[in-house]
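Enquirer: 3D, please:
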Amino acid sequence: MHFSFLAHLECSHCGETYDHLQPQAFCPSCNTPLLARYDLAAARAALDRDELRAAVRGMWRWHALLPVLDPANIVTLGEGDCPLLPLPRLGSALGMERLYVKDESSNPTGTFKARGLAAAVSKAVEVGKKRLIVPSAGNAGGALAAYAARAGLEAAIYLPDDSPDANIIEAGSYGAELHLVDGLISDCAALVRQRAESEPGWWDVSTFKEPYRVEGKKVMGYELAEAFDWTLPDVIVYPTGGGTGLVGMWKAFHELKELGWLKNEAMPRMVAVQAEGCAPVPRAFEQRAGTNQFWEGATTIASGLRVPKSFADRLIMQALYESNGTAIAVSDETLTEGAYDFATCEGIAACPEGGATLAALRVLVDQGWAKPHERVVLFNTGTALKYQ
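Expert: This is a model prediction of the structure:
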């Protein structure tokens, strides 16, 4: 059996295909992300979904649906299979009968970024890249630094100089080359692009500027389906900066459907949550736009949400519209309250971005958009300790 059923890469806009055996970035014609496509017909014939439960726990038990062809190239620190926890007290307070959180704080480096960077660094090893460079709002930089160290690769990280201290210390502690930038992640991205173009050998692993980080993140969707006995929740509330996890899970749900692994075809309504000080997705959703406009003067204490415009904005909006979802902007005050309530009501040390999902759910419940009987999953994307 194939270790991976990866078939090719495909432009998410024009459909042009690209060779996955060569290093690829994004579609040069459309300037939009490439997505990994698998031979799902062959995978359906060869794979048994229930055997996956007997495999060694972690993200790579899904290797047949991930982009690494040779297991020798996998770079892992034990990422994946983070707990799905019921929230009985918060659910009772909100009148929600089946409320859960997917708590990603147990990943290596303390956030969900470990999933995406594990996939990207592993594929970098496979295609022979030795030097990796990334702009980051904070947590992705630390994750790249860790996985590059694990693989013996060079890493250069560009962070806003007002990133949480833990992110700055973390990136340097793994031996990465660290650059602090007076500006936002968009300013960091411009510097990364200039350097990658002017100095040979650097591979830019920015969000959606390469095809593989989203593949690591999509496994969160596989894990949800498995945890709910091959059904999907009614609503997923997700803190959205670059949108890799939201897009990745929506991709995963369609792959599961094509594999025939789902017991029914009901798909979740996807909710993108952003901060009021940086809310390009809710603004676009309100306008029923297909893309986002750059958000000027972005500001929020939730550094992972301080992304003025995602490179994958078209894919984010597509997932929201196709799923009959929505987009919500919450204040820094209410997302801070949400993180506090996670801790005091459920013992979960949620990051500010995780707190934003609880703040958003409160709005959705008040609006009657989220119903008491619905199965709702919030995402806590990292540990509060990264913000101390």
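Enquirer: so Leu385 touches Gly110, yeah?
Expert: Yes - using CB atoms under 8 Å, Leu385 is in contact with Gly110, at 6.5 Å. Bear in mind the C-beta positions are built from the backbone N, C-alpha and C, glycine included.
Enquirer: quick one: which of those two has more around it?
Expert: Neighbour comparison, Leu385 and Gly110: the larger count goes to Gly110, with 23 against 11 (by other CB atoms under 10 Å).
Enquirer: state the distance from the more buried one to Lys257.
Expert: Here Gly110 is placed at a distance of 32 Å from Lys257 (CB to CB, to the nearest Å).
Enquirer: could you do Leu87 as well?
Expert: Noted for Leu87: a distance of 27 Å to Lys257, by CB to CB.
Enquirer: the residue nearest the centre of the chain: what secondary structure?
Expert: What sits nearest the mean C-alpha location of the chain, by CA atoms, centre = their mean, is Gly245, with 2.7 Å. Assigned with DSSP: H, G, I helix; E, B strand; the rest coil, Gly245 falls in the helix class.
Enquirer: got the contact list for it?
Expert: Phe112, Lys217, Met220, Tyr238, Phe379, Thr381 (CB atoms under 8 Å, 6 or more residues apart in numbering).
Enquirer: neighbour count winner among Leu87 and Lys257?
Expert: Leu87 (24 against 16).
Enquirer: okay but the more buried one is in contact with Lys102, surely?
Expert: No - assessed by CB under 8 Å, Leu87 is found out of contact with Lys102, at 11.0 Å.
Enquirer: mutual contacts of those two, please.
Expert: Shared contacts of Leu87 and Lys102, defined by CB under 8 Å, 6+ apart, are found at Leu378.
Enquirer: look up how far Gln287 lies from Glu337.
Expert: For Glu337, the distance to Gln287 - CB to CB - is 28 Å.
Enquirer: where do the helices of the stretch 51-200 of the chain begin and end?
Expert: Along the stretch 51-200 of the chain, the segments classed as helices by DSSP state H, counting those that start in this stretch run 88-94, 113-126, 139-151, 165-173, 185-198.
Enquirer: name the surrounding residues that touch the last one.
Expert: The one in question is helix 185-198. In contact with helix 185-198 (CB under 8 Å, 6+ apart) are residues 133-137, 156, 158-160, 179, 181, 202-204, 206, 294, 306-309.
Enquirer: repeat for the third one
Expert: Under the contact criterion CB under 8 Å, 6+ apart, helix 139-151 has outside partners 75-77, 108-111, 113-114, 116-118, 120-122, 124-125, 132, 134, 136, 154-155, 157-159, 163, 167, 170-176, 178, 205, 207, 304, 382, 386.
Enquirer: select only the buried ones of these in PyMOL?
Expert: Buried residues among the contacts of helix 139-151 (16 or more other CB atoms under 10 Å), as a PyMOL selection:
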select buried, resi 75+76+77+108+109+110+111+113+114+116+117+118+120+121+122+124+125+132+134+136+154+155+157+158+159+163+167+170+171+174+176+178+205+207+304+382+386
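Enquirer: shaky segments in the chain?
Expert: Low-confidence segments of the chain (pLDDT under 70): 388.
Enquirer: just the strands in it please.
Expert: 6-11, 17-18, 26-27, 32-38, 84-86, 98-103, 131-135, 154-160, 177-181, 202-204, 235-239, 269-275, 326-330, 375-380 (DSSP state E).
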